[in-house]
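Enquirer: Have a look; sequence and predicted model below, questions after that.
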Amino acid sequence: MSDCGKNRRGILSLLLLAPFLLVVLVPFLWMVLGMFKTNREFFQPLAKAFFPASYDWQNVTELLEGRWVPFWAVFGNSLLVSVGQAFGAVALSAAAGYAFARFSFSGKWLLFVMALALILVPRQLFALPLFSWVNELGLSDSLLGVMLPGVVTGLGVIYFTQVFRQVPGEYLQAARICGATELRVFLIVLPLVWPALLGYGMIHFILAWHEHLIPMLVLTSETKQTLPLALAKLYDVSQRTPQGVQMAASTFAVIPTAVLFALCHRKFKSSLSDMLVH
Amino acid sequence: MAAADQRTPGARWAPFLFLLPFLFFLLLFWVIPLFGGVKMSLHANGLGQAEYVGLEHYQALAKDGRYFTALRNSFVYTLASIVVIVPLALWLAHLLRATFRRLRPVITFALLLPALTPPSVLAVLFLMVFHGKNGLLNQLFVMPLGLGPVSWLKDPDFILSGLVLQTVWRWTGFMTFFILAGMEGIPRVYYEAARLATGSRWQHFWHVTLPQLRPVLLFVAVYLVVDGFSLFSGAYVLLGGSGGTADAGLLTITYVFQKTRFFEYGTASAISISLLPLMLLLLWGCLFLRRRTA
């Protein structure tokens, strides 16, 4: 195609994409600008007061100083739970996926179907028995009780099975000939698939960051809450939290996942592209 | 299936060594709670030691109109979100492929923002979008068309559409990302061969792109079904855990939550368990499609 035709197609596609971008971005813009608004400004019709009268950081400082919720503790909890869960999920699923992709053993098909079933049966539906079981294990009101149940993921196992199928068998053979143990062979292969490890870790971090129901059941004390719980508390009408503070908290809740994704989505996409064609 | 590298004597126990941590946690946090759920569904409602009641909860469900409303709503909600999201995401991915290479990552990222946002935050953004007369949707779209403002969260005719709109807004960008990744993975040779054989772009899309995207589309559909049946936060914050006016927005997960709140644990578990056959059917469908693809 000629350069001119390419440019024309590019501009046309931008024009067609623009309304979608607008629909996605306007609510976010409203949220970020909402940080600076007073309650009165906030409830005015949007056409009149989309932008705040002045950019006052008071709402943000109030939030960060912990006047409404112990913000930093809650933020730290969320970070800890999500990072821990992502690491655990990557480690478990990568090992399991490696076994599925690289070995034949009896019962493999059955186990693989079970992993698929894991994806399809939403954990949220079993939140209740899970909650009472977590209590019996003595993990109630502890961050571990939220973190550990989330490390089992069918999606991760299926994903890593696909990933490890693509590693050329010669690598593994070469390592074995050199006398490496099976565990060592696995550790040699791991760096070859690091974009996939990173990509899955990222997805799982996001899922864990969003989890609402299980933390709500397991965590009870105020300093042990995760961000979605603190947000729900801030949004609660009876708490009379200023709207600006609510918007500031919402903005801070989006930042970590957005930054993480911006940093590593290219690697993840190329690993997906490689995987999906096979 | 890829060749299994089973050469060394250690290889006999090695796969189980790799599977062990996963299986341990699977047993601990999935199999046991599942059986716990089955047990709970066979016992009377209430805390602590409840008496065994057999299939009573299931029989009660079979007569429970709200249960069927919730099931129907979840079905409609899930199906509608798939029907809207998949074509829209295909179209967006196509547009992204046509746009300037430099801008592509930025635009993809912007479209993905809703998927990166915690559902509870989304629900608040949506309260603003759906908010009575001053909401964005009414101000920007409905009233300019000369129609009266729709009360999205109160009018039973619109609650479910509102929930669907929310999922569409949330997931379309995410699915576009996966479809785009899939499209970029299709070898160019296929298109060159197609160009020699036939002319139109539409035919290329229909005969080359779509079949190649089958694994991605399967993933997208499964993801949306699971999300449709397990979505909690969104409907919870938008409708406050209620089903909305006349239960028009009552989803199965909301119903489970309501039962839980009133300590009707047996009933809540029975609802969850009753969805299992459905999920297993879906699993069978996936395996069937996988085999056909392979």
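Expert: Yep, that arrived.
Enquirer: Leaving out sequence neighbours, find the closest residue to residue A:119.
Expert: Counting by C-beta to C-beta, 6 or more residues apart in numbering or on different chains, residue A:119 lies nearest to residue A:154, which is 3.7 Å off, once chain neighbours are set aside. For glycine as for every other residue, the C-beta is placed from the backbone atoms N, C-alpha and C.
Enquirer: what sits against that neighbour?
Expert: For residue A:154, the contact set (C-beta atoms under 8 Å, 6 or more residues apart in numbering or on different chains) comprises A:115-120.
Enquirer: Output those as TSV; include the columns neighbour count, secondary structure and pLDDT.
Expert: Listed next are the contacts of residue A:154 as TSV, based on neighbours: other C-beta atoms under 10 Å in any protein chain shown; DSSP: H, G, I helix; E, B strand; the rest coil; pLDDT from 0 to 100:
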residue	neighbour count	secondary structure	pLDDT
A:115	23	helix	79
A:116	20	helix	76
A:117	17	helix	79
A:118	19	helix	76
A:119	21	helix	73
A:120	20	helix	73
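Enquirer: from those, which two are the most distant?
Expert: The largest distance within these, taken as C-beta to C-beta, falls between A:115 and A:120 and amounts to 10.3 Å.
Enquirer: Identify the residues contacting the helix or strand where residue A:110 lies?
Expert: Residue A:110 belongs to helix A:108-120 when assigned by DSSP states H and E. Contacts to helix A:108-120, defined as C-beta under 8 Å, 6+ apart, come from residues A:96, A:100, A:152-155, A:157-158, A:161, B:15, B:19, B:23, B:26, B:30, B:222, B:225-226, B:279-280, B:282-283, B:286-287.
Enquirer: Determine how far that helix lies from the middle of the whole chain.
Expert: Going by C-alpha atoms, centre = their mean, to the nearest Å, the spacing between the C-alpha centre of helix A:108-120 and its chain's C-alpha centre is 23 Å.
Enquirer: ok, now stretch B:157-167?
Expert: Distance, stretch centre to chain centre, for stretch B:157-167: 15 Å (C-alpha atoms, centre = their mean).
Enquirer: Flag every buried residue along it.
Expert: B:158-167 (16 or more other C-beta atoms under 10 Å in any protein chain shown).
Enquirer: do stretch B:211-224 as well
Expert: Residues of stretch B:211-224 classed as buried: B:212-213, B:215-217, B:219-224 (neighbour count, 16+ other C-beta under 10 Å).
Enquirer: Then stretch B:190-206?
Expert: Neighbour-count burial for stretch B:190-206, counted by 16+ other C-beta under 10 Å, picks out B:190, B:194, B:204.
Enquirer: ok, so of the residues you listed, who is nearest chain A?
Expert: Relative to chain A, the closest of the buried residues of stretch B:190-206 is residue B:190; by C-beta to the nearest C-beta it sits at 9.9 Å.
Enquirer: What part of chain B, helix or strand, is modelled with the least confidence?
Expert: Lowest on mean pLDDT, DSSP states H and E among the helices and strands of chain B sits helix B:233-239, with a mean of 66.
Enquirer: Roughly how far does the residue nearest to residue A:152 when sequence neighbours are not counted sit from residue B:226?
Expert: Using C-beta to C-beta, 6+ apart and skipping the chain neighbours, the partner closest in space to residue A:152 is residue B:25 (4.7 Å). For residue B:25, the distance to residue B:226 (C-beta to C-beta, to the nearest Å) stands at 19 Å.
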